[in-house]
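Asks: Please find the sequence and the predicted model below.
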Amino acid sequence: MLMPRRKTPDLTVPMIGGGTFDLAGETGERGTVVCFYRGLHCPICATYLTEFEKLADDFAKRGVGSVAISSDGQDRAQGMVDKIAATQLRFGYDLSLKTAREWGLYISTSRGKTSIGIEEPALFAEPGLFLINPDQTLYYMSVQTMPFVRPHFRELLAAVDFAIEKNYPARGEYDGEV
């Protein structure tokens, strides 16, 4: 189980456009937002990532890097980049389901073609949103079992502003006896 103020699992995936995303090598002054998405087959992901794309520069102005990652292969990940016309947001692909599980993501099985006519992979990770500190410790996380009701990026951006202004610590760190 991931715990706030503790180191997250390592995360390394290839990137659309070349290179590798390696969480340990991120250089954002205030960390990195990692958005795990379901894949090209998910119309809700496309809408969600469109919002993230619009705010990637705003996160960057606050010293926070942004990346969207799925278990899709390169072609499908490129399809999502093209679909939302991404130019600011980085996209990683080939997330192993073992790594997805280490991050606490839920895994779903295919139900065939989605409402937009794209086949779901046999297995894929459900969404999760994480704000990781520069030292690779967990600051915030939200994990879904479904594609619905996700945290809004504008609210996360406001939370980053609040945390900066108030020097607000990560919460939920207690794991002692209750």
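Replies: Received the coordinates, thanks.

Asks: Please make it C-alpha for all contacts and neighbour counts, starting now.
Replies: Will do.

Asks: Could you identify the longest helix within the chain?
Replies: helix 43-61 (DSSP state H).

Asks: Which residues does the very next helix or strand once past that helix contact?
Replies: Next helix or strand after helix 43-61 toward the C-terminus (DSSP states H and E): strand 64-69. Residues outside strand 64-69 that contact it (C-alpha atoms under 8 Å, 6 or more residues apart in numbering): 26-37, 49, 56, 59-60, 89-93, 95.

Asks: Let me know the secondary structure of the closest residue in space to residue 58 that isn't next to it in sequence.
Replies: In space, residue 58 comes closest to residue 157 once its chain neighbours are excluded; the distance is 7.8 Å by C-alpha to C-alpha, 6 or more residues apart in numbering. Assigned with DSSP: H, G, I helix; E, B strand; the rest coil, residue 157 falls in the helix class.

Asks: Tell me if I am right that residue 82 is in a helix.
Replies: Yes: using three-state DSSP, the assignment for residue 82 is a helix.

Asks: What score does it have for pLDDT?
Replies: Among the per-residue scores, residue 82 holds a pLDDT of 98.

Asks: Could you report the pLDDT at the spatially most central residue of the chain?
Replies: Nearest residue to the geometric centre of the chain (C-alpha atoms, centre = their mean): residue 35, 1.2 Å. You'll see residue 35 listed with a pLDDT of 98.
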